[in-house]
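Peer 1: Okay, here's the prediction I keep looking at, along with the sequence it came from:
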Amino acid sequence: MQFHPKEMANNLRDYGSFIPGLRPGKRTADYLEKVMGRITYVGAAFLALIALIPTIVAVWLEIPFFVSAFLGGTGLLIVVSVVLDLVQRIEANLIMRNYKGFLGGNA
């Protein structure tokens, strides 16, 4: 996926939009570029941490690496996303069935 800050800044200006506190044009493009750089570095650090988890677990728990690598990295991301989706579905179902109980008082 590609992101062009100058093009995005021009599109914002053409549609009459702006980022509060920034002038349209070059300053907006510079700001968007700075924000995308920060997001990229934080995302890369997170993915590097996820990739290192199997090694850390293998050393810390003194288990063979192939055992810790079985549920590390990509598997961990999949498990977390499935658990988050499951919790969201359970919460939606509970709210649907007990709407008054979640939002209402004792009345």
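Peer 2: Sure, I can see it.

Peer 1: following the host helix or strand of Ala29, which helix or strand shows up next?
Peer 2: According to DSSP states H and E, Ala29 maps onto helix 26-61. As assigned by DSSP H and E, the chain's next helix or strand after helix 26-61 is helix 65-70.

Peer 1: returning to what we had before: of all the residues in the helix holding Ala29, which ones are buried?
Peer 2: 28-29, 31-33, 50, 53-54, 57-58 (16 or more other CB atoms under 10 Å). Where you see a C-beta, it was placed from the backbone N, CA and C, and this is true even at glycine.

Peer 1: Which members of those are the farthest-apart pair?
Peer 2: Across the buried residues of helix 26-61, the longest distance by CB to CB is 46.8 Å; it joins Thr28 and Ala58.

Peer 1: Give the full set of residues in contact with Ala92.
Peer 2: Counting by CB atoms under 8 Å, 6 or more residues apart in numbering, Ala92 makes contact with nothing.

Peer 1: Following the record's annotation, map out the domains of this protein.
Peer 2: The chain breaks down into these domains under automatic domain parsing: 1-71, 73-107.
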